[in-house]
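> Build the 3D model from these lines:
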Amino acid sequence: MASTDPTKRPRPGPWPPAPESTGMPPSSWAKRTGFRPKFSGETNASDSGQILSQPKPKDPGTNLDLEAGRARISPAVNGEKASPAAAAAAEKERTVKKRRESDGGGGAVAKTTNGQAAAAAEPVVVPPQSRRLSRNEEMVDVLPQTVDDDGFGSRHSRMKYELRDSPGLVPIGLYGFQHYLSMLGSLILVPLVIVPAMGGTYEDTSRVVSTVLFVSGVTTLLHTSFGTRLPLIQGPSIVFLAPVLAIINSPEFLGLNGNNFKHVMKELQGAIIIASAFQAILGYSGLMSVFLRLINPVVVAPTIAAVGLAFYGYGFPQVGTCLEIGAVQILLVIVFSLYLRKISIFGHRIFLIYAVPLGLAITWAAAFLLTEAGAYSYKGCDPNVPASNVISEHCRKHVTRMKHCRVDTSHAIKNSPWLRFPYPLQWGIPVFNWKIALVMCVVSLISSVDSVGSYHASSLLVASRPPTPGVVSRGIGLEGLSGILAGLWGTGTGSTTLTENVHTIAVTKMGSRRAMELGACVLIVLSVVGKVGGFIASIPKVMVAALLCFMWAMLAALGLSNLRYSEAGSSRNIIIVGLSLFFSLSVPAYFQQYGLSPNSNLSVPSYFQPYIVASHGPFRTTNGGLNYVMNTLLSLHMVIAFLVAVILDNTVPGSRQERGVYVWSEPETARREPAVAKDYQLPFRVGRVFRWVKWVGL
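Below you'll find the predicted structure:
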């Protein structure tokens, strides 16, 4: 693969070419800042990044469609020629530079969102129109532009390295490690929450963290090689967190004695293996291509947002157990990611890229100094003694503060070996339970919805075209196989594409597939070093909760950002998203509170009470398994959001532009274009060996 030096390559201009503004001359401040108005009399960009071509208005007034958020298009007079401005814009489109030589393209092409290419050598003819165009016909599809923090609208010009770039071993090694370091919070948070909830010790947490790092590295290599081949990290998704907590707090597990951790882990392993096998069948059978017709931005946005919003009851209440540490960490991450995001050090926006690791490191260091200085030491009190065994009233008053604020209560680093190789079935033989497996199958379906949004968004950043429906199906199928590996190794959750990955690509401007693969290899090496898992497991719980507050808020925002591909100002979409989000919070609250008396003495902490709904929910038929499945599923926020959104979006009338329907590349066109084929084709001529590639590939 040829090396590419982005510093020597001329940056392409904005795509589509910006038309010449014929409005009023800019004022003095506009001249100084280089401001160019977004709305002109000739073109207008909708929320999805698609360009509306329209003739220059004859009067200075602008006929705006306030609901669609763009200007209405006036019909052309029959037989009237195109305006000079439209001809100039078409001429600029014909002179767009062709993609770099590694694409193998023979000529310059203008790429469109429907996966077809218009030859740049052919003149653009504007036919006379004798009638008003329909809403779909008046759209000229192009790839959406991405606007970065500096306001640049070029799609590729701000990316340092794109999908197939290989700048050299040292650069991709550094960028790959940087990418994984910025994603550290997403990789480690799930095991840090679920293992203590299962009754596991710090040593158990250390082993699960090492296993997660190993499986994440292996599955990422598989996905970049045989999945969609996009630079997406596979890991334990937060989508699985709520159902896992519901399973952990099932009535049959609450009364267990002895090693509760291994027993619950084996139950989770069996459920994850069955659910992942269902996901693999959904992808490789081609059924995912049919299911894609129901998944649009208006469905993806509230579903993923509900995942982040669902844990509001866990986040800050846990931070409040040691407010001076947890609140400071949240403020540091906010300051780094927002107020200092444009500060560059050696050409890198360190504070924006590493906001989460920096905030965690600084807070951890401050807490360590406070602990060593004796700020949380009380005479005659031991933080390692359970609160139930404390006799002194003085110690009982401060034991909670000591337990949450001190950083030396964990002995995970000391007890972790230097070398530990994660192996399959390390917790024992998985236990298969149909009712738990059925819950996880529904969750795997929703994780597929999450992945579809990530595939589309990342392809617009780094690839020449969005993938074909077959490539999307192939990616979902491989995520199912990756989930089976996660179940065999025992990570506690399934494996899926991390949604935060798209944000990291947009921030770091690093979309090289090779960088992700090299970073995955580094992750596998680190997973073998037991002290690494022990170090991560020793993070104090209050810092984990503060980290979760930021990560879950980011996940909710990333979910809602999918609305940019639709008409966000449409009353149809506003009502659908609003209903989905409200009912995703309100309906589960009904299930979680049903049958509970205000003075009931529950054996689980208050932040886990929403997940014991299986024992007291409104479904009370003679079939206990059915009661468990229905009470658990309908108490999950993301399930309700998905059901409401998918039903309303696919039954309420609306144009494709208004709904923001994801447009995937056509297989026939993708095969004809060398650039698209190189982006998504399987390596080692795998496509010539397996016949199934025909419907789950290009």
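> Tell me where the stretch 551-698 of the chain has helices.
Secondary structure of the stretch 551-698 of the chain (DSSP state H, counting those that start in this stretch): helices at 571-593, 624-633, 637-651, 656-659, 667-672, 674-680.
> Select from those the stretch with the lowest mean pLDDT.
Among the helices of the stretch 551-698 of the chain, helix 667-672 carries the lowest mean pLDDT, a mean of 84.
> packing partners for that helix?
helix 674-680 (3 or more Cβ pairs under 8 Å, 6 or more residues apart in numbering; DSSP states H and E). Heads up, the C-betas are built off the backbone N, CA and C, glycines and all.
> Surely Leu498 touches Met183?
Yes. Assessed by Cβ atoms under 8 Å, Leu498 is found in contact with Met183 at 6.4 Å.
> so what sits against both of those two?
Counting by Cβ atoms under 8 Å, 6 or more residues apart in numbering, the contacts common to Leu498 and Met183 are Ile233, Gly235.
> what packs against the top helix by length along the chain?
Longest helix in the chain, counting residues (DSSP state H): helix 434-462. The elements that helix 434-462 packs onto, with contact taken as 3+ Cβ pairs under 8 Å, 6+ apart, are helix 241-248, helix 260-284, helix 297-309, helix 469-489, strand 495-497, helix 500-508, helix 624-633, helix 637-651.
> Leu498 and Met183 - which one has more neighbours?
Using other Cβ atoms under 10 Å, the more surrounded residue of Leu498 and Met183 is Leu498, with 25 against 21.
> any idea how far the more buried one lies from Ser237?
Using Cβ to Cβ, to the nearest Å, we find Leu498 at a distance of 7 Å from Ser237.
> Of all the helices of the stretch 551-698 of the chain, which one is nearest Tyr565?
Proximity to Tyr565 (Cβ to Cβ) singles out helix 656-659 among the helices of the stretch 551-698 of the chain, at 9.4 Å.
> so who does the closest residue to Val300 other than its chain neighbours touch?
Distances taken as Cβ to Cβ, 6 or more residues apart in numbering place Gly453 nearest to Val300, at 4.1 Å, with adjacent residues excluded. Residues in contact with Gly453 (Cβ under 8 Å, 6+ apart) are Pro297, Val300, Ile304, Thr499, Gly559, Asn562.
> Columns neighbour count on top of these, output as JSON lines?
Shown next, in JSON lines, are the contacts of Gly453 (neighbours: other Cβ atoms under 10 Å):
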{"residue": "Pro297", "neighbour count": "27"}
{"residue": "Val300", "neighbour count": "31"}
{"residue": "Ile304", "neighbour count": "29"}
{"residue": "Thr499", "neighbour count": "28"}
{"residue": "Gly559", "neighbour count": "25"}
{"residue": "Asn562", "neighbour count": "26"}
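> what residue ranges in the stretch 51-200 of the chain score low on pLDDT?
Applying pLDDT under 70 to the stretch 51-200 of the chain picks out residues 51-158.
> List the buried residues in stretch 460-471.
Leu460, Leu461, Val462, Ala463, Ser464, Arg465, Pro466, Pro467, Thr468, Pro469, Gly470, Val471 (16 or more other Cβ atoms under 10 Å).
> Just give me the closest of those residues to Ser289.
Pro469 (4.2 Å).
> so which helix or strand takes in the closest residue to the closest one other than its chain neighbours?
Sequence neighbours aside, Ser289 is the residue nearest to Pro469 in space, at 4.2 Å (criterion: Cβ to Cβ, 6+ apart). Here Ser289, judged by DSSP states H and E, is contained in helix 287-291.
> quick one: buried residues of stretch 480-493?
For stretch 480-493, by 16+ other Cβ under 10 Å, it's 480-493.
> Work out the gap between that stretch and the centre of the chain.
Put simply, stretch 480-493 sits 19 Å off its chain's centre (Cα atoms, centre = their mean, to the nearest Å).
> now do stretch 463-483
Chain-centre distance of stretch 463-483: 15 Å, with Cα atoms, centre = their mean.
> now swap in stretch 411-424 and tell me
Centroid separation between stretch 411-424 and its chain, computed with Cα atoms, centre = their mean, is 30 Å.
> mind listing what's buried in it?
Neighbour counts using 16+ other Cβ under 10 Å place Ala412, Ile413, Ser416, Arg420, Pro422 of stretch 411-424 among the buried residues.
> Report the rounded mean pLDDT for that stretch.
pLDDT averaged over stretch 411-424 gives 88.
> Check stretch 289-302 too.
Stretch 289-302 comes out with an average pLDDT of 92.
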